[in-house]
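J.: just coords:
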């Protein structure tokens, strides 16, 4: 895990969510609707190929890397997030270590705090399961972006619990722009 992951995950804090928002998030989280996250087969092949190249050193196994990228794209698209932004957030939060655990208990790829399980999911959910962690992380990020009227820097700061400072947001945004977004544009 990257050293900045340990620093930033420690800032995450519980924020009270109204009961109606909690119920809405829980309903979205448990919605079993499946979507096709790619426009077409060529778009899927191109995006997975480009991002797979970016992750080859972090996830050496081609099959596991492609499978994870499909999950990331699916969950990001499901919650109207840019999959490239989610890749950048994962890199900063856990360095793509699905078993990452911060000293305050943030877990998995997107470093989700355990209190979210009781708020919107189930206490039995494993935050080390990649699909589950991605679903939690993406819906949480979407929630914070909605709170901030799609201001990505502020939404990221809320996600990390560092609203009021721009260090974390700048790191994720820079990683997004330089590494993952540029790869998708090529």
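T.: Now that the structure is in, tell me what you want to look at. All values derive from a computational prediction rather than experimental measurement.
J.: what residue ranges in this structure are flagged as low confidence?
T.: Scanning the chain for pLDDT under 70 picks out 1-36, 182-186.
J.: can you give me the helices for it?
T.: Assigned by DSSP state H, the helices in the chain fall at 3-9, 19-30, 41-55, 62-78, 83-94, 115-120, 130-147, 152-160, 167-175, 182-185.
J.: so the fourth one versus helix 83-94, what angle?
T.: By that I understand helix 62-78. With axes from the mean of the first three to the mean of the last three C-alpha atoms, to 10 degrees applied, the angle from helix 62-78 to helix 83-94 works out at 110 degrees.
J.: Hmm, residue 54 and residue 179 touching each other?
T.: Yes: taking contacts as C-beta atoms under 8 Å, residue 179 lies within contact range of residue 54: 6.0 Å. Any C-beta I mention is one placed from the backbone N, CA and C, and that applies to glycine too.
J.: Common neighbours of the two, please.
T.: Listed as contacting both residue 179 and residue 54 by C-beta atoms under 8 Å, 6 or more residues apart in numbering are residue 87.
J.: Look through the protein and report the residue furthest from the middle.
T.: Most distant from the centre of the chain: residue 42, at 24.2 Å, with distances by C-alpha atoms, centre = their mean.
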